[in-house]
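**Student:** Whatever this is, show me its structure:
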Amino acid sequence: MKRFGGLLTAFSLLLAGCGLQPMYAGGGNGAVAQGLAGVEVAPIEGKAGWLMRNALTDRLHAGGNPGSARYRLDVRLDDKLEGLGLLSNDTVGRERRTLRARYQLVDVASGAILVDATAGSDAGIDVVSSEYAVVAGEQTALENLTRVVADRIVTKLAVELQTRK
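**Tutor:** Predicted coordinates:
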């Protein structure tokens with residue numbers, strides 16, 4: 001245990017020497033948290049858009065009330081559901097749901113696009129004999145994919161806002 005403590009101290013000193021800083025330094029009052037709180041998410045079309053907007057809003061304003069909108073996040077989604085794995089009776093045995101987001105972070109004051117990127121993820125769904133179970137699986141996959149893609153978007157925005165502080 002004593003050896004582990006020495007390694008941990010040495011590692012901490014090495015990190016401090018290379019200039020690495022925590023992204024969320026300062027907590028809710030830090031530059032990144034304040035920047036994320038100043039992002040307004042524009043409405044997004046469809047059911048997947050509603051889920052995505054809610055997930056993004058929850059993550060961007062996790063520290064409390066949103067600040068005044070300094071940035072606008074425009075998101076376009078591409079949600080695909082495709083059948084894979086044909087069975088011997090010509091039915092689909094597996095599906096893949098893919099959710100891709102093209103997003104832009106826009107400075108509201110100047111109209112400049114600060115970030116123009118994409119994020120996405122996919123999930124496999126087993127097709128079973130129960131239609132209800134398949135629909136529930138498709139819905140659960142969409143909800144999970146929405147959370148994963150929202151996390152990726154917010155991480156990219158946090159990195160960008162940290163470099164702008």
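**Student:** is the residue lying closest to Asp78 once chain neighbours are set aside in a bridge, and if so with what?
**Tutor:** Residue nearest to Asp78 in three dimensions, not counting chain neighbours: Arg100, with 4.4 Å by C-beta to C-beta, 6 or more residues apart in numbering. The C-beta positions use only the backbone N, C-alpha and C, and glycine is treated the same way. As for beta bridges, Arg100 partners with Asp78, Gly120 under DSSP bridges.
**Student:** for Arg100, what are its contacts?
**Tutor:** Residues counted as contacts of Arg100 (C-beta atoms under 8 Å, 6 or more residues apart in numbering) are Leu77, Asp78, Thr118, Ala119, Gly120, Val149.
**Student:** what do you get if the cut-off is 7 Å, keeping everything else the same?
**Tutor:** Asp78, Thr118, Gly120 (C-beta atoms under 7 Å, 6 or more residues apart in numbering).
**Student:** got the CA positions of stretch 80-94 in PDB?
**Tutor:** What follows is stretch 80-94, C-alpha atoms only, in PDB (Å, rounded to 0.1, in the frame of the first residue of the first chain):
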ATOM      1  CA  LYS A  80     -32.300   4.300 -39.400                       C
ATOM      2  CA  LEU A  81     -33.700   0.900 -38.700                       C
ATOM      3  CA  GLU A  82     -32.600  -1.900 -41.000                       C
ATOM      4  CA  GLY A  83     -33.200  -5.600 -41.000                       C
ATOM      5  CA  LEU A  84     -30.200  -8.000 -40.900                       C
ATOM      6  CA  GLY A  85     -29.900 -11.800 -40.700                       C
ATOM      7  CA  LEU A  86     -32.600 -13.400 -42.900                       C
ATOM      8  CA  LEU A  87     -33.900 -16.700 -41.400                       C
ATOM      9  CA  SER A  88     -34.800 -19.700 -43.500                       C
ATOM     10  CA  ASN A  89     -38.500 -18.600 -43.600                       C
ATOM     11  CA  ASP A  90     -37.500 -15.200 -45.100                       C
ATOM     12  CA  THR A  91     -38.100 -13.300 -41.900                       C
ATOM     13  CA  VAL A  92     -35.600 -10.900 -40.300                       C
ATOM     14  CA  GLY A  93     -33.800 -12.300 -37.300                       C
ATOM     15  CA  ARG A  94     -31.900  -9.200 -36.300                       C
END
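**Student:** How far off centre is that stretch?
**Tutor:** Averaging C-alpha positions (C-alpha atoms, centre = their mean, to the nearest Å) puts stretch 80-94 29 Å from its chain's average.
**Student:** Show residues contacting that stretch.
**Tutor:** Contacts of stretch 80-94 (C-beta under 7 Å, 6+ apart): Glu95, Arg96, Arg97, Thr98, Gly124, Ile125, Asp126, Val127, Glu138.
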